[in-house]
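Engineer: prediction below, plus the sequence it came from.
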Amino acid sequence: MKQIIILINLFLFVAILSCNTTPNDKKPTIETLFDTLLCKGFDFPVGNKNAAGVYKDKNTGKRHNGWYKAVKFCEKYSYGIHPAEDWNGNGGGNTDLGQKVRSIGKGIVVHAQNEGGNWGNTVVVEHIYYENGAVKKLRSLYAHLDTIIVKKGDFVKKRMQLGTMGNNSGMFWAHLHLELRKESIFDKSTTFWPSGSGKQDTKWIKKNYEHPTNFIKAHRNIKNPVSEKLLVIAIKHEYKLYVCKYGDTIKSIPIALGQQPLGHKQKEGDNRTPEGEYYINQKALGPFSGSMANFFGTAWMRISYPNIYDAKIGLDKGLITTKQYNAIEAAIKSKGMPPKNTAIGGGIGFHGWTGKWDIKKENNLTWGCVSINNDDLLKFYDLVQINTKLIIAP
């Protein structure tokens, strides 16, 4: 039965790709977070999975050890700014001609043909993967291939062979040109070249392309939501919270959000509810004291906002200092409690309310927290534990 479900999901994924090649703003659901086609990790496309190992020159039979990047990501060279990495065997020249080129992760082949010009045989694979509470798309592009052994529409697994390394009919020394394109440029042609389109800007390239080596190293192993024994998912546009076990929903609960329900929380006082992956790091039962005690209801569960992604955004915008970023990073890595008194805010969690709000309405009540009616709050409190993972999706 599981194989049938996977096959149905694959057919649906291929159908979606065939009619949608531009960025899609479809709101997340439980189904998208539990998609069986989500990548479980990424590997390098040449040599072994770590871009190492011995290879044999197919012309001379001589063995060579290892691989290197002849042109690095965002390096300035004769063709402009390089939005990719060029991988070569350590033997140099055409010693790597005909070596296997493999897919960095599982996905669907969306392009496989000879593009002529400087590109030659080119394959593009589209991947979907989970990161920080969101399902993202990425396209890996493999150019200058000597041969192509896949076709458009094929499903490929991680490390499955796509073709062999080439030199574009003698135009270059044999190498693999590897690009990782973000969804923001899915509408660009396969042969799109930033420097040839007026994009002589490394900032623009870093915004629209992933650094191949850094991306792969940061996503070697991905723990997808479906593998969690206990997981809480709050879907903001549904005003609903789900408690799940290994991909099955065991309870759903109506929720209320911050007074500004759209968008991710980025600073103290914006009254927005965060979006991302967190964990519960504090639990307490009422009664509570203080001026806000009535709004806590019968229980309180603090979450680990800000996480490292939130802190990086805050650091890049100049809202927090490097010292504050380091403190947040250290707390998250140790499953501790991140600082709550910085300019990006904190002290976010689940609590009740003063009185009962109408579950039939879209309730935007809090200062950034998630409110649960007191009738449901204690049941939820008993279901979750310290360090229970939480996803808050738009």
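Structural biologist: All right, it came through fine.

Engineer: residue 71 bridge partners, please.
Structural biologist: residue 86 (DSSP bridges).

Engineer: would you mind measuring from it to residue 189?
Structural biologist: Separation of residue 71 from residue 189 (CB to CB, to the nearest Å): 21 Å. Bear in mind the C-beta positions are built from the backbone N, C-alpha and C, glycine included.

Engineer: neighbour-wise, which of those two wins?
Structural biologist: Taking neighbours as other CB atoms under 10 Å, residue 71 and residue 189 compare with residue 71 leading, 17 against 10.

Engineer: these two touch, right, that one and residue 83?
Structural biologist: No: counting by CB atoms under 8 Å, residue 71 does not reach residue 83; the two are 10.6 Å apart.

Engineer: how about the helix or strand in which residue 136 is found: buried residues?
Structural biologist: Using DSSP states H and E, residue 136 sits in strand 134-148. Neighbour counts over strand 134-148 (16 or more other CB atoms under 10 Å) mark 134-135, 137-146, 148 as buried.

Engineer: now those residues in CSV, with pLDDT?
Structural biologist: Output for the buried residues of strand 134-148, formatted as CSV (pLDDT from 0 to 100):
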residue, pLDDT
134, 96
135, 96
137, 98
138, 98
139, 98
140, 98
141, 98
142, 98
143, 98
144, 98
145, 98
146, 98
148, 98
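
Engineer: phi, psi of the residue most central in space within the chain?
Structural biologist: Centroid-nearest residue in the chain, with CA atoms, centre = their mean: residue 131, separated by 3.3 Å. The phi/psi pair for residue 131 (degrees, to the nearest 10) reads phi -160, psi 130.

Engineer: pLDDT score for it?
Structural biologist: As predicted, residue 131 sits at a pLDDT of 97.

Engineer: now the strands for the stretch 251-394 of the chain?
Structural biologist: For the stretch 251-394 of the chain, the strands defined by DSSP state E, counting those that start in this stretch occupy 257-258, 276-285, 299-303, 349-351, 364-366, 370-371, 389-393.

Engineer: strand partners (parallel or antiparallel) of the fourth one?
Structural biologist: When you say that, I think you mean strand 349-351. strand 299-303 (antiparallel), strand 370-371 (parallel).

Engineer: now do the second one
Structural biologist: Looking at strand 276-285 with DSSP bridges, its paired strands and their directions are strand 299-303 (antiparallel), strand 389-393 (antiparallel).

Engineer: do me a favour and average the pLDDT over the last one.
Structural biologist: What it means is strand 389-393. Computed over strand 389-393, the mean pLDDT rounds to 98.

Engineer: buried deepest among the strands paired with strand 349-351, which one?
Structural biologist: Highest mean neighbour count of the strands paired with strand 349-351: strand 370-371, a mean of 25 (counted as mean count of other CB atoms under 10 Å).

Engineer: give me the distance from it to the chain's centre.
Structural biologist: Centroid displacement of strand 370-371 relative to its chain, using CA atoms, centre = their mean, to the nearest Å, is 26 Å.

Engineer: what sits up against that strand?
Structural biologist: The contact list for strand 370-371 (CB atoms under 8 Å, 6 or more residues apart in numbering) reads 234, 241, 255-257, 273, 297, 349-353, 357, 363, 365, 392.

Engineer: and if we set it to 10 Å?
Structural biologist: Applying CB atoms under 10 Å, 6 or more residues apart in numbering, the contact partners of strand 370-371 are 232, 234, 236, 239, 241, 253-258, 273-274, 295-297, 301, 303, 348-354, 357, 363-365, 377, 390, 392.

Engineer: circling back: adding distance to residue 63 and mean pLDDT, write the strands paired with strand 349-351 out as a markdown table.
Structural biologist: What follows is the strands paired with strand 349-351, written out as a markdown table (distance: least, CB to CB, whole Å; pLDDT from 0 to 100):
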| stretch | distance to residue 63 | mean pLDDT |
| --- | --- | --- |
| strand 299-303 | 54 | 97 |
| strand 370-371 | 59 | 98 |
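
Engineer: got TSV for those, with distance to residue 32 too?
Structural biologist: Formatted as TSV, the strands paired with strand 349-351 follow (distance: least, CB to CB, whole Å):
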stretch	distance to residue 32
strand 299-303	22
strand 370-371	20
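
Engineer: before we move on, the earlier item: of all the strands paired with strand 276-285, which lies closest to residue 343?
Structural biologist: For the strands paired with strand 276-285, the distance to residue 343 is smallest for strand 299-303, at 18.7 Å, taking CB to CB.
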